[in-house]
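Chemist: let's see this in three dimensions:
(one chain, ligands or ions: 1)
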Amino acid sequence: MDLKPNLNSPVLADQVPVNMSNLGRSATSAPYWAAFSSNLHLTIPKRRTFPNKLDDVRISGWLDAMQESSPPRKKINKDINFDTASEEADALYLSWVKIYPSAISSFEKITNYAKGKTVALFLDYDGTLSPIVDNPEHAFMSSAMRTAVKNAAGYFPTAIISGRSRDKVHGFVGLNELYYAGSHGMDIIGPVKDSKRVSNHPNSIRSTDEQGKEVNLFQPASEFLPMIDEVFRSLIKNTKDILGSKVENNKFCVSVHYRLVDEKSWDLIAQRVLDILKDYPRLRLTYGRKVLEIRPVIDWNKGRAVEFLLESLGLNDRDDVLPIYVGDDRTDEDAFKVLRVGGKGFGILVSSVPKETNAYYSLREPLEVMDFLISLVRWKKTEM
Ligand SMILES: O=P(O)(O)OC[C@H]1O[C@H](O[C@H]2O[C@H](CO)[C@@H](O)[C@H](O)[C@H]2O)[C@H](O)[C@@H](O)[C@@H]1O
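Modeler: Residues are numbered from 1 along each chain as shown. Now for the predicted structure:
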């Protein structure tokens, strides 16, 4: 596929977020973009392993990850010269975006490649279709975005792939013309197509959706439901004294939010979560944007969900299909990787700061995602 803008990218493929935690510290400490050298080599460490024996080491490992998980919002800090800092940040972003070009400025290149192909759209929800907000219950998408997604789904097979529970993300998006994969792809409603691999899968069952349409329901982690429910209740009980924490039941996984928790208590929240997980060796801990996520130890993620949906749609292993995945978070990297490795299609990372990624392109924020979707529809209409 001749879409690679960054074939010779020196950026490491490993998924450790760039250390953002220096932003806002003293003027003498290195800013986070110092992690890049002038030729954009990332010099951040490879993924850490967390020793099992010493709890305090484990917790401090998770604490580092939690601090790195999301760039802080710009705050006025007396100790640093913000004008210089933001100029440097802008310069760094401009260098980064040469490696991961904007999908809007590269639109012609993308559509030239897409000509004559079926474009399949995979969209993450939080941070992609809706802006990141403090309260996860208030992550509404705008009606303009809803219209853009609805129009896109009228021309391209479109699926939402979210860490939220399927019902919840469906509720936020409110459109029936899409396919939905909740719980990081562990809960998929897809079309009924003539795919033996999909319909013979042990976790795939025929069902009907709310509109009475026949669908394929795929829940590879269904046996974990009681365990997840139990852990959810323990987490609620054991974190209720940590001001600002929030535990969210995402059906096949649980999110522990610390966005509103004082940073001084982040080690406490990590400690409580790790303590509970000691009794559940079949669950694992990952992290996203100011959130710890507890999920089953199964070989399933958003990348596998993309493969499954392509297969369900009868669009897998075809040269005339171009899957595009748009997402902002670490968990979206599994999908970017699947598309990149197979040379199947490409990912678009939504980020306003430089990050390591397996995506090919970038967009700064959900508003740009909306523009991109609108442009795709406009292009498709002229193509027909
Ligand atoms: O896969 P996604 O659709 O991106 O879901 C990932 C997590 O998104 C939500 O949390 C994030 O967005 C919240 C609302 O903007 C924000 O408050 C939080 O800090 C972010 O981590 C959702 O609440 C989680 O359950 C999802 O796992």
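Chemist: tally of neighbours for Y258?
Modeler: Neighbour count for Y258, taken as other Cβ atoms under 10 Å: 24. (Each C-beta comes from the backbone N, C-alpha and C, glycine too.)
Chemist: surely it and K290 touch.
Modeler: Yes. Assessed by Cβ atoms under 8 Å, Y258 is found in contact with K290 at 5.7 Å.
Chemist: could you tell me which residues touch both of those two?
Modeler: M66 (Cβ atoms under 8 Å, 6 or more residues apart in numbering).
Chemist: just the helices in the stretch 1-150 of the chain please.
Modeler: 55-68, 82-99, 107-114, 143-155 (DSSP state H, counting those that start in this stretch).
Chemist: indicate which one of those helices is closest to the ligand.
Modeler: helix 55-68 (11.3 Å; Cβ to the nearest ligand atom).
Chemist: pull out the buried positions in that closest one.
Modeler: Buried positions in helix 55-68, judged by neighbour count with 16 or more other Cβ atoms under 10 Å: 58-59, 61-68.
Chemist: now these in CSV, with pLDDT and distance to D124?
Modeler: Formatted as CSV, the buried residues of helix 55-68 follow (pLDDT from 0 to 100; distance: Cβ to Cβ, whole Å):
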residue, pLDDT, distance to D124
R58, 73, 29
I59, 73, 29
G61, 79, 26
W62, 79, 23
L63, 80, 26
D64, 80, 25
A65, 80, 20
M66, 82, 21
Q67, 77, 23
E68, 73, 20
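Chemist: doesn't S105 make contact with S362?
Modeler: No. The pair S362 / S105 is not scored as a contact, 10.0 Å apart, by Cβ under 8 Å.
Chemist: more neighbours: the two, which one.
Modeler: S362 (26 against 10).
Chemist: for my notes, confirm N216 occurs in a helix.
Modeler: No. Per DSSP: H, G, I helix; E, B strand; the rest coil, N216 lies outside any helix segment and is strand.
Chemist: now do it, the pLDDT please.
Modeler: According to the prediction, N216 has pLDDT 85.
Chemist: let me see the contact set for it.
Modeler: N216 neighbours (Cβ under 8 Å, 6+ apart): 188-192, 198-199, 204-207, 312.
Chemist: can I get those in JSON lines with pLDDT, secondary structure and neighbour count?
Modeler: Shown next, in JSON lines, are the contacts of N216 (pLDDT from 0 to 100; DSSP: H, G, I helix; E, B strand; the rest coil; neighbours: other Cβ atoms under 10 Å):
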{"residue": "I188", "pLDDT": "96", "secondary structure": "strand", "neighbour count": "28"}
{"residue": "I189", "pLDDT": "91", "secondary structure": "strand", "neighbour count": "23"}
{"residue": "G190", "pLDDT": "80", "secondary structure": "strand", "neighbour count": "23"}
{"residue": "P191", "pLDDT": "80", "secondary structure": "strand", "neighbour count": "16"}
{"residue": "V192", "pLDDT": "78", "secondary structure": "coil", "neighbour count": "14"}
{"residue": "V198", "pLDDT": "68", "secondary structure": "helix", "neighbour count": "22"}
{"residue": "S199", "pLDDT": "66", "secondary structure": "helix", "neighbour count": "14"}
{"residue": "S204", "pLDDT": "81", "secondary structure": "strand", "neighbour count": "20"}
{"residue": "I205", "pLDDT": "83", "secondary structure": "strand", "neighbour count": "13"}
{"residue": "R206", "pLDDT": "83", "secondary structure": "strand", "neighbour count": "10"}
{"residue": "S207", "pLDDT": "82", "secondary structure": "strand", "neighbour count": "13"}
{"residue": "S312", "pLDDT": "90", "secondary structure": "helix", "neighbour count": "27"}
